[in-house]
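> Predicted model and sequence follow; I will ask about them next.
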Amino acid sequence: MRDPRLVAAPSTDAPTASVTFEYLAWATVWLLTGTTIGLIASIKLHWPEFLPFAWLSFGRVRPAHTNLVLFGWSSLVLVGVSLYVVSRTSRAPLWSPRLTRIALWLWNLALFGGLVTLLTGVNRGPQEYREWVWPLAVILAAAVVMAGYVAYRTVAARTLPEVYVSNWYILGGFCYLPILYVTSYLPFYQTGLGNTVVQGYYMHNAMGMWFTQLALGVSYYAIPLLLGRPVYSYALGVLGFWTNLLFYPLIGAHHFIFSPTAWWLQSTAILFSVGMMVPVWAGTGNLLLTFKGSSGAVRRSYALPFFVTGLIGYGLSSTQGTIEAFRSANIYWHFTNFTVGHSHATMYGFIAFIAWGAVYGLVPRLTGREPNPLAVGVHFWLALVGVLTYVISISVAGVLQGFAWVSGQSFIASVIAAEPMWLWRTIGGLLMVGSHVVFAVNVWAMRPQRVVAPAPSPDVVRIPA
Amino acid sequence: MSFGGLHTDHRAIVAVAAIVFFVLTLVMAVLPAVREQAFSTPTGARPRGHEEERGRRVYLREGCGFCHTQFVRDLPMDRPFGRPSRPGDYTLEDPPMLGTQRTGPDLADVGSRQPSEAWHLIHLYDPRAVVPQSVMPAYRWFFAEKDQAGPGDVVVPVPAGRAPRGKVIVAGPDAIEMVRYLLSLKQPKASP
């Protein structure tokens, strides 16, 4: 348990390898699509006449961007890697590669339908991350349940007694998302402010009870594996799992502070936003301490720098989220672009970097092919400089907007103040999209091979495609 | 190390996690939502007319709510937008559009603040014709360019130089309905 000897884990079977890779490949397709659309949205804020077509107008590309990067890129890459982690830590082949593949195609169908409907203006209004009409939501929910069932049956078929902590997080995420998704789409309690209460709950938990779960689950496997040593504290990992479950669902209402929703709900949310520091720093600290004394390994590896960046991103951006929840800070930051900076610090600075670390760290073991280390370095620096440029500029824009409002100037003063920062945000976004093109090239370089090839390291087995 | 036997029982881990999350979902989302709905009485807003409702659908289709809130907070900086929003303001709204971003101004009371139909039509056709620094999209697809107006056409008084030379700009149904909806956004006087 404390030393899962993951390095010596037995071989992954060929069907597990190929279906996992298919998830990653499709995730990359949606990453390129979703972030290109995000870039278009960004350009429109400082060049409003850019691409003046109805189906590319800001109000349509904005939800198309968020839904593609959340449910396309971030979900598919983490599900793909998670299923591989579940299989390896259970020392069992994936329970049903066929069902896993069906889930992937349903997922892609929902994403494609979502893209087309949102760009043509078919939506449920500005209800963030649940803009898709319900038939698409049903398809996505079915796909999540199928993939989750595969993970569950694979863990059930494990050949060792313990359930490794990665699988707690991963199975947890697969339980929470369907519950969350169904309750947020059921209409019975959602007219008037009832809808707003559910909206705050949904959009918040969709992050911490899904993406965070899978990202941490993957990290608890991949980081000890790549460092060749056990995780710093197994118990802290379990503590993080339970405290996240108890605190995170209490804080969704902090998205509607000063709103006419129940005051106790807002106050509870602020209080437990502070409580979230326990699981956040338990997770960040635990995983970063696992690196203690391994700076050489980080320098030699092309995957580990992504994990270090992602973990620092997790700790810092979550702390930022706690501060934003305070009423005194919320006065200046709410409704401003500061929130957009926070969501990119978390979904990109944390989730995407962990996902990339996992892809670069695990896929060569899966397919027996490595990417060009120089190209991985280019990806890393483009993405890091890009997201720093993005988050800093858009956060400054948010602060300027907030100050303009508080000082009582006419509204347009906040637009004028933010506009130079919107240009910088586009420059950051360009670097980010550029890094994704390099990433796509690297994924292609790691594709499963058709013939048996020599393994690049002793623990990698030879896998025919 | 033992965690109550859970660490060897995948069924127990999944069951406990799912039940805890389900209960928290009921307590923090579903039940408060039911309560908001049950105790909310409308602040006297009249039901929307046919055109206003169609306009609301255009507003939803174009994603206006991603940049415009309809949510006035009880804070000094929100005073220009109207009185603080009350639960009853949203009772008839499905979905309510409080919003999370204010890239453009709040619209909860825009029908009172800017009651001119002509201003709204020009603004939708070319926002920068009336607010030079605006970054709002121009909703050209709501309008038709014609050589001359026909009977019954609503001609938009676009300032000189902001429309193609020799053409008149005629508001289509989307534009007219959208403006009807915007003008209907008036905060009813809240009873104390």
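Yes, it's here.
> so where is the chain shaky, pLDDT-wise?
No chain in the question, so chain A it is. A:1-12, A:450-465 (pLDDT under 70).
> To clarify, I was referring to chain B.
For chain B, the stretches flagged by pLDDT under 70 are B:1-4, B:190-192.
> ok, which stretches of it are strands?
B:143-146, B:168-171 (DSSP state E).
> Throw those strands into CSV and include distance to chain A and mean neighbour count, thanks.
C-betas here are computed from N, CA, C, even on glycine. Output for the strands of chain B, formatted as CSV (distance: least, Cβ to the nearest Cβ, whole Å; neighbours: other Cβ atoms under 10 Å in any protein chain shown):
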stretch, distance to chain A, mean neighbour count
strand B:143-146, 12, 15
strand B:168-171, 15, 20
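> Need these in JSON lines (columns: distance to residue A:110).
Formatted as JSON lines, those follow (distance: least, Cβ to Cβ, whole Å):
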{"stretch": "strand B:143-146", "distance to residue A:110": "34"}
{"stretch": "strand B:168-171", "distance to residue A:110": "37"}
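> Residue A:264 is nearest to which of those strands?
strand B:168-171 (47.0 Å; Cβ to Cβ).
> CA-only coordinates of the closest one in CSV, if you can.
In CSV, the C-alpha atoms belonging to strand B:168-171 read as follows (Å, rounded to 0.1, in the frame of the first residue of the first chain):
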residue,chain,number,x,y,z
VAL,B,168,-31.7,52.6,-46.0
ILE,B,169,-31.4,50.2,-43.0
VAL,B,170,-34.6,48.4,-42.2
ALA,B,171,-35.1,46.7,-38.9
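> Which other helices and strands does it contact?
strand B:143-146 (3 or more Cβ pairs under 8 Å, 6 or more residues apart in numbering or on different chains; DSSP states H and E).
> what's next to the strand it packs on, contact-wise?
B:124-125, B:153, B:156, B:163-164, B:167-172, B:175 (Cβ atoms under 8 Å, 6 or more residues apart in numbering or on different chains).
> Can you give the strand pairings for it, parallel or anti for each?
strand B:168-171 (antiparallel) (DSSP bridges).
> For residue A:326, grab phi and psi.
Dihedral pair for residue A:326: phi -60, psi 140, per degrees, to the nearest 10.
> Quick check: longest helix in chain B by residues?
Taking DSSP state H as the criterion, chain B has its longest helix at helix B:10-25.
> so how far is it from its chain's centroid?
Relative to the chain's own centre, helix B:10-25 is displaced by 37 Å; criterion: Cα atoms, centre = their mean, to the nearest Å.
> What of stretch B:62-81?
9 Å.
> Buried by neighbour count: which residues of it qualify?
Under the neighbour-count criterion of 16 or more other Cβ atoms under 10 Å in any protein chain shown, stretch B:62-81 has B:62-73, B:77-78, B:81 buried.
> give me the residue from the stretch 101-250 of chain A nearest chain B.
Residue of the stretch 101-250 of chain A nearest chain B, by Cβ to the nearest Cβ: residue A:126 (3.1 Å).
> Next, the contact list for that residue, please.
A:63, B:60, B:63, B:64, B:65, B:66, B:95, B:97, B:99.
> can you do 7 Å?
By Cβ atoms under 7 Å, 6 or more residues apart in numbering or on different chains, residue A:126 lies in contact with B:63, B:65, B:66, B:97, B:99.
> Assign it to helix, strand or coil.
With DSSP: H, G, I helix; E, B strand; the rest coil as the basis, the three-state label of residue A:126 is coil.
> I'd say residue A:198 and residue A:184 touch.
Yes - using Cβ atoms under 7 Å, residue A:198 is in contact with residue A:184, at 5.6 Å.
> so the closest residue to residue A:216 other than its chain neighbours is in which element?
Nearest residue to residue A:216, sequence neighbours excluded (Cβ to Cβ, 6 or more residues apart in numbering or on different chains): residue A:169, at 4.9 Å. Secondary structure assigned from DSSP states H and E places residue A:169 in helix A:165-185.
> In chain B, which residue sits nearest chain A?
For chain B, Cβ to the nearest Cβ, closest residue to chain A: residue B:63, 2.5 Å.
> And residue A:253, how far from chain B?
Applying Cβ to the nearest Cβ, to the nearest Å, the value for residue A:253 to chain B is 7 Å.
> Grab the nearest non-local neighbour of that residue.
residue A:269 (3.9 Å).
> what does the stretch 51-200 of chain A put close to chain B?
A:52, A:54, A:57-60, A:62-63, A:121, A:123-128, A:152, A:155-156, A:161-163, A:168, A:171-172, A:175-176, A:179-180, A:183, A:189-198 (Cβ under 7 Å from any Cβ of the partner chain).
> coming back round to it: so which of the contacts of residue A:126 are in helices?
Short answer: those have none in helices (DSSP H).
> Next, give phi and psi for residue A:85.
According to degrees, to the nearest 10, residue A:85 has phi -60, psi -40.
> how far away is the nearest residue to it once chain neighbours are set aside from residue A:114?
Sequence neighbours aside, residue A:221 is the residue nearest to residue A:85 in space, at 4.5 Å (criterion: Cβ to Cβ, 6+ apart). Distance, residue A:221 to residue A:114, by Cβ to Cβ, to the nearest Å: 30 Å.
> neighbour-wise, which of these two wins?
residue A:221 (29 against 25; other Cβ atoms under 10 Å in any protein chain shown).
> element containing the more buried one, please.
Element membership of residue A:221, judged by DSSP H and E, is helix A:212-227.
> How many neighbouring residues does the residue of chain A found nearest chain B have?
Here chain A gets closest to chain B at one residue, residue A:59, 2.5 Å apart by Cβ to the nearest Cβ. By other Cβ under 10 Å, 25 other residues sit near residue A:59.
> ok, now which ones touch it?
B:62, B:63, B:64, B:66.
> again, but for residue B:37
With contacts taken as Cβ under 7 Å, 6+ apart, residue B:37 has the following neighbours: A:189, A:191, A:192, A:194.
> Count the residues that sit near the nearest residue to the first one once chain neighbours are set aside.
In other words, residue A:189. Nearest non-adjacent residue to residue A:189, counting by Cβ to Cβ, 6+ apart: residue B:33, 4.1 Å away. Residue B:33 is flanked by 25 other residues according to other Cβ under 10 Å.
> Please verify my assumption that residue A:28 contacts residue A:443.
Yes - the pair residue A:28 and residue A:443 passes the contact test of Cβ under 7 Å, sitting 5.0 Å apart.
> still on that earlier bit, report the buried residues of the helix holding residue A:169.
So for helix A:165-185, counting by 16+ other Cβ under 10 Å, buried means A:165-181, A:183-185.
> Doesn't residue A:43 belong to a helix?
Yes - judged by three-state DSSP, residue A:43 forms part of a helix.
> Any idea how many residues pack against residue A:328?
Neighbours around residue A:328, by other Cβ under 10 Å: 7.
> nope, residue A:444 is what I was after
Residue A:444 is flanked by 12 other residues according to other Cβ under 10 Å.
> That one is in what secondary structure piece?
Residue A:444 belongs to helix A:412-445, assigned by DSSP H and E.
> Would you mark the buried spots in that helix?
Of all the residues in helix A:412-445, those buried under the rule 16+ other Cβ under 10 Å are A:412-415, A:417-418, A:421-422, A:424-426, A:428-436, A:438-440, A:442-443, A:445.
> Residue B:105 reaches residue A:411, doesn't it?
Yes - between residue B:105 and residue A:411 there is a contact at 4.5 Å, judged by Cβ under 7 Å.
> In terms of packing, which of these two has more residues around it?
More neighbours surround residue B:105 than the other of residue B:105 and residue A:411, with 19 against 16 (other Cβ under 10 Å).
> In contact with the more buried one, which residues are there?
So residue B:105 contacts A:411, B:68, B:81 (Cβ under 7 Å, 6+ apart).
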